[in-house]
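Student: only geometry, no sequence info:
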């Protein structure tokens, strides 16, 4: 037993001595990728499916070890079908994963249209409009585009391409106007389109019965993009901000400003980490 332990320690020591900075970077990159994958599936049906797949994999290993011919044949021949099924079942998670990878790309960093100064001006006007709409209990759905483009959703509405002002937003969301039921998509301080249709959440939301259509649409879009969405409730006049699938309700003007500006700061910090990770990955490829 002692001899076995000595051999094991010798093997571990030999492996550690061979580890260089390239291997360390390799491990760090894999750890970050696995962590991001776990974040993607956390709280979704994919988490339960992954547990099921792990159990199936264990059964396959046991069947191979014990040389259970029929079961081994079944697992071997079912593998292509399982791969196709995984792509279909995990389609939402895969799309989100590819979207996040796209945000790390050098091309995306160079071509990003996000402008912090224009975003701040648009936020100030939107807050002014939200206060007035809230006082009148007029529903509104305002989407601030950031790095992930929202052109697919803009094409479902009416193209505006006009400067964002509080008065313009009030006109769009005026009750019974042709565009008041849809979402307004804002790029910087420009209203790109109005009357836009947004995606509904892919997963069943906790407490969804207490959320209106606007709030659910805002959560749905925030799950597939990095947009930040402002919602004014038609029933209560309360103002909410939705980001990354999370909703913050009953905000006043100061709370709105804090939430939106704080989101901008977190966005900048995330960009900094994304650039660092992209540089790390490029270094590892060299």
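Tutor: Great, that's in hand. None of these values were measured; they are calculated from a predicted model. Numbering: from 1, shown residues only.

Student: C-terminal to the lowest-mean-pLDDT helix or strand in the chain, what's the next element?
Tutor: None of the helices or strands of the chain scores lower by mean pLDDT, DSSP states H and E than helix 106-111, at a mean of 42. Counting by DSSP states H and E, the next helix or strand C-terminal to helix 106-111 is helix 116-135.

Student: name the helices or strands packed onto that following helix?
Tutor: Applying 3 or more CB pairs under 8 Å, 6 or more residues apart in numbering; DSSP states H and E, one finds that helix 116-135 contacts strand 140-145, helix 166-172, strand 228-232, strand 239-243, helix 253-285. To be clear about C-beta, it is placed using only N, CA and C from the backbone, and glycine gets the same treatment.

Student: got a list of contacts for the fourth one?
Tutor: Applying CB atoms under 8 Å, 6 or more residues apart in numbering, the set of residues contacting strand 239-243 from outside is 130-131, 134, 215, 218-219, 221-222, 227-233, 247-252, 256, 259-260, 263.

Student: strand partners of the helix or strand following it, parallel vs antiparallel please.
Tutor: Using DSSP H and E, the next helix or strand after strand 239-243 towards the C-terminus is strand 246-248. Sheet pairing of strand 246-248 (DSSP bridges) gives strand 239-243 (antiparallel).

Student: relative orientation of the partner strand and strand 228-232 in degrees?
Tutor: 160 degrees (axes from the mean of the first three to the mean of the last three CA atoms, to 10 degrees).

Student: Show me which of the contacts of strand 239-243 are buried.
Tutor: By neighbour count, with 16 or more other CB atoms under 10 Å, those hold 130, 134, 215, 218-219, 221-222, 227-233, 247, 251, 256, 259-260, 263 as buried.

Student: What's opposite residue 163 in the beta bridge?
Tutor: Judged by DSSP bridges, the bridge partners of residue 163 are residue 190.

Student: and it, how many residues sit next to it?
Tutor: 13 (other CB atoms under 10 Å).

Student: With residue 196 instead?
Tutor: Neighbour tally, residue 196, other CB under 10 Å: 23.

Student: Over to it: give its phi and psi.
Tutor: phi -90, psi 150 (degrees, to the nearest 10).
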